[in-house]
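Student: 3D, please:
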Amino acid sequence: MVETPKVSVIICAYSMERFADVLEAIDSALTQTLSPHQVIVSIDHNRELMEKLKGQIPPSVLLVFNDGDRGTPETRNIGVRVATGDILAFMDDDAVAENDWLEKLVQPFETRAVAATGGKISPRWLDDSGRPAWFPEELDWIVGCTYPGLPQRGRQVRNVISCNMACRADTLKRVGLFLNPGGKVGKTGMREDTEICMRIKHQIPEALIIYEPRAIVHHKVTFQRTKFRYFLQRSYEEGCLKSAIKRLYSTSANKSLSAESSYLRYLLFTAIPQRLTRLYQGRSFLQLGTLFTCIAATGAGYLRGQMRWERTKLENSGEERRT
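Tutor: Numbers count the residues shown, from 1 in each chain. Predicted structure coming up:
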């Protein structure tokens with residue numbers, strides 16, 4: 001008989017504007033088919049939010065406060081440090097979990113080699129018109145959601161997204177906590193969830209990171225994130241991220257961008273051809289243009305990241321020769 005794991009759910013929050021969202025996220029975490037061992041809400045530099053939450057949430061919910069480095073990585077680490085569960089599950093303050101989310105998310109941990117899991121993140125468009133006509137599902141990663149082209153259930157992935165993620169507590173003790181890409185800890189240029197998954201695989205090669213699409217949370221997408229300017233910015237930044245991944249973790253034995261290569265093949269040989277056969281539909285025509293624009297913007301970000309790295313190497317080698 002498999003022992004039921006103790007799971008600590010950690011939710012990070014920072015804004016009074018999301019007060020109602022935080023309450024909804026907490027409620028969804030508390031009403032799971034697998035009851036959490038703990039629900040921890042970690043507040044990032046907002047005393048007003050913390051005081052208001054105290055009077056609105058059940059006493060079983062643990063509130064902690066981050067007055068150190070600003071940002072989600074350290075706020076999440078504050079929650080990790082007080083968690084007493086064997087498994088730590090993470091979700092965002094603007095996400096709502098389905099009632100069997102936790103049960104499905106932790107099932108893969110029955111295999112000891114599994115170090116982390118991630119579930120499906122479905123967009124909940126807050127604008128009345130829903131998904132923009134030009135925005136294809138294949139690019140839902142831009143708004144922090146999962147997308148077509150990912151592996152099916154139970155398949156290994158390189159990294160998962162912290163909006164719907166779980167990790168063994170002892171794994172984090174072994175490899176260290178989340179890093180702040182722009183903070184004092186280590187300017188990697190990578191998102192903290194991507195970086196920690198890469199670090200787990202780097203330090204524990206036998207560790208498995210599993211995608212479990214039956215574990216579902218719904219992520220709220222604001223109108224601001226449906227603007228084309230935001231889409232371009234995120235595509236470009238993603239290219240810079242890929243450059244950082246290759247720089248930090250690529251070796252002859254570790255093809256760090258294999259996930260990106262597989263995804264690009266999916267776009268070029270599946271997603272784009274499907275829309276080419278439906279060009280008479282205005283929606284398909286718009287989405288085809290968006291896909292090509294994304295590929296171009298991401299490629300530009302990647303090239304810029306590589307050029308910066310090469311320039312830095314030249315500058316460093318020049319300084320070494322002078323000394």
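Student: Please count neighbours and contacts with C-alpha atoms only from this point.
Tutor: Fine.
Student: what about residue 40, distance to residue 96?
Tutor: Using C-alpha to C-alpha, to the nearest Å, residue 40 is found at 15 Å from residue 96.
Student: which residues touch residue 140?
Tutor: 123, 146, 147 (C-alpha atoms under 8 Å, 6 or more residues apart in numbering).
Student: let's see it at 7 Å
Tutor: 146, 147 (C-alpha atoms under 7 Å, 6 or more residues apart in numbering).
Student: burial of residue 103, as a residue count?
Tutor: 19 (other C-alpha atoms under 10 Å).
Student: correction: residue 99
Tutor: Neighbours of residue 99 (other C-alpha under 10 Å): 19.
Student: likewise the one 10 residues further on?
Tutor: Under the neighbour criterion other C-alpha under 10 Å, residue 109 is assigned a count of 20.
Student: Repeat that for residue 82.
Tutor: A total of 12 residues lie near residue 82 under the criterion other C-alpha under 10 Å.
Student: One more: the one 4 residues further on?
Tutor: Neighbouring residues of residue 86 were enumerated by other C-alpha under 10 Å; the total is 16.
Student: Next, give phi and psi for the closest residue to residue 132 other than its chain neighbours.
Tutor: Distances taken as C-alpha to C-alpha, 6 or more residues apart in numbering place residue 226 nearest to residue 132, at 7.0 Å, with adjacent residues excluded. Note on residue 226: its backbone torsions stand at phi -100, psi 10 [degrees, to the nearest 10].
Student: How about residue 89?
Tutor: Dihedral angles (degrees, to the nearest 10) for residue 89: phi -110, psi 140.
Student: That one against residue 12, yeah?
Tutor: No. Using C-alpha atoms under 7 Å, residue 89 makes no contact with residue 12, being 11.5 Å away.
Student: where in this protein is pLDDT low?
Tutor: For the chain, the stretches with pLDDT under 70 are 1-2, 151-154, 181-190, 249-258, 313, 315-323.
Student: where along it do the strands fall?
Tutor: 7-13, 38-44, 62-66, 87-92, 95-97, 114-125, 155-156, 164-168, 208-221 (DSSP state E).
Student: Export these as CSV, with columns for distance to residue 19 and mean neighbour count.
Tutor: Below are the strands of the chain laid out as CSV (distance: least, C-alpha to C-alpha, whole Å; neighbours: other C-alpha atoms under 10 Å):
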stretch, distance to residue 19, mean neighbour count
strand 7-13, 9, 27
strand 38-44, 11, 25
strand 62-66, 14, 19
strand 87-92, 13, 25
strand 95-97, 12, 26
strand 114-125, 17, 24
strand 155-156, 35, 14
strand 164-168, 20, 25
strand 208-221, 14, 24
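Student: Turn those into CSV, columns for distance to residue 299.
Tutor: Output for these, formatted as CSV (distance: least, C-alpha to C-alpha, whole Å):
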stretch, distance to residue 299
strand 7-13, 32
strand 38-44, 34
strand 62-66, 36
strand 87-92, 29
strand 95-97, 30
strand 114-125, 25
strand 155-156, 26
strand 164-168, 27
strand 208-221, 25
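Student: Nearest to residue 280 among those would be which one?
Tutor: strand 114-125 (26.2 Å; C-alpha to C-alpha).
Student: helices and strands around the closest one, which ones?
Tutor: Strand 114-125 sits against helix 101-106, strand 164-168, strand 208-221, with contacts defined as 3 or more C-alpha pairs under 7 Å, 6 or more residues apart in numbering; DSSP states H and E.
Student: Quickly run through the sheet partners of the last one, with directions.
Tutor: Spelled out, that is strand 208-221. strand 95-97 (antiparallel), strand 114-125 (parallel), strand 155-156 (antiparallel) (DSSP bridges).
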